[in-house]
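Novice: curious how this folds, go ahead:
(chains A and B)
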Amino acid sequence: GAGVSQSPSNKVTEKGKDVELRCDPISGHTALYWYRQRLGQGLEFLIYFQGNSAPDKSGLPSDRFSAERTGESVSTLTIQRTQQEDSAVYLCASSLVNRDLEGEKLFFGSGTQLSVL
Amino acid sequence: KNQVEQSPQSLIILEGKNCTLQCNYTVSPFSNLRWYKQDTGRGPVSLTIMTFSENTKSNGRYTATLDADTKQSSLHITASQLSDSASYICVVSSGGDYKLSFGAGTTVTVRA
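Specialist: Alright, predicted model coming up:
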């Protein structure tokens, strides 16, 4: 597609429910990133994919968070047993590669606003 | 801990006026510094990327400066327009490290 697409754009859920957030990166982008943005705070790194592999999952806040990527394309971020502190905007970004300046340029989706009641 | 501090937290300016946003960082090692513009409800969009050797870079009415010695950067907006109302985020990369360090952003409001 023309840009990074995320769905849903908004998600309201009850505490304790599971949610799945989807990211469709720009076609051909090998690197994919998930970030969390809390109100008034900087973006918080969650996980990074190179191809379908996630070399570093240390940014995930707890074992309730998991992510996968298939076909070097779509990625899904899953949050199990959601808590109120999970409420935030979840942003996905993709890039060509992360080895040169132009390749490090990130293209972001519009995010998913998650609200846990 | 690598940190990126931005100031001011927010500002209001009149259309047509100029403004300057500040970014101080302690990230080390340093590879490059980026400025992003984030409109409300949208993802950040890249404005500039600067490496250690670059002191200034422009993108239209946006001009970024970098002083790698003092670890400071600024983003200057010239002749502001209503569409410049957004959050401006300073991001520092350590290079080959996908864990970028993000500032909390400066919210700019341009009024007619």
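Novice: format the CA atom coordinates belonging to stretch A:105-117 as PDB.
Specialist: In PDB, the C-alpha atoms belonging to stretch A:105-117 read as follows (Å, rounded to 0.1, in the frame of the first residue of the first chain):
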ATOM      1  CA  LYS A 105      13.800   6.600   8.000                       C
ATOM      2  CA  LEU A 106      10.700   5.400   9.700                       C
ATOM      3  CA  PHE A 107       7.200   5.600   8.200                       C
ATOM      4  CA  PHE A 108       4.500   5.500  10.800                       C
ATOM      5  CA  GLY A 109       0.900   4.400  10.800                       C
ATOM      6  CA  SER A 110      -1.800   6.500  12.400                       C
ATOM      7  CA  GLY A 111      -1.900   4.300  15.400                       C
ATOM      8  CA  THR A 112      -4.600   2.400  17.300                       C
ATOM      9  CA  GLN A 113      -6.100   4.300  20.300                       C
ATOM     10  CA  LEU A 114      -6.700   1.600  22.900                       C
ATOM     11  CA  SER A 115      -9.000   2.400  25.800                       C
ATOM     12  CA  VAL A 116      -9.400  -0.200  28.600                       C
ATOM     13  CA  LEU A 117     -12.400   0.500  30.800                       C
END
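Novice: that stretch: how far from the chain's middle?
Specialist: 7 Å (Cα atoms, centre = their mean, to the nearest Å).
Novice: same check, this time on stretch B:79-96
Specialist: Distance, centroid of stretch B:79-96 to centroid of chain: 4 Å (Cα atoms, centre = their mean).
Novice: give me the most central residue, chain A.
Specialist: In chain A, the C-alpha nearest the mean C-alpha coordinate belongs to A:W34, at 2.9 Å (Cα atoms, centre = their mean).
Novice: now the helix or strand where that one lies: mean pLDDT?
Specialist: When secondary structure is defined by DSSP states H and E, A:W34 falls within strand A:31-37. Mean pLDDT, strand A:31-37: 93.
Novice: which residues of chain B lie near chain A?
Specialist: B:4, B:32, B:41-46, B:49, B:51, B:89, B:93, B:96, B:98-105 (Cβ under 8 Å from any Cβ of the partner chain). For every residue, glycine as well, the C-beta is placed using N, CA and C.
Novice: please name the nearest non-neighbouring residue to whichever residue of chain B sits closest to chain A.
Specialist: With Cβ to the nearest Cβ as the measure, B:G43 is the residue of chain B nearest to chain A, at 2.9 Å. Nearest non-adjacent residue to B:G43, counting by Cβ to Cβ, 6 or more residues apart in numbering or on different chains: A:F108, 2.9 Å away.
Novice: how many neighbours does that neighbour have?
Specialist: 22 (other Cβ atoms under 10 Å in any protein chain shown).
Novice: show me what contacts it?
Specialist: A:V4, A:L91, A:C92, A:A93, B:G43, B:P44, B:V45 (Cβ atoms under 8 Å, 6 or more residues apart in numbering or on different chains).
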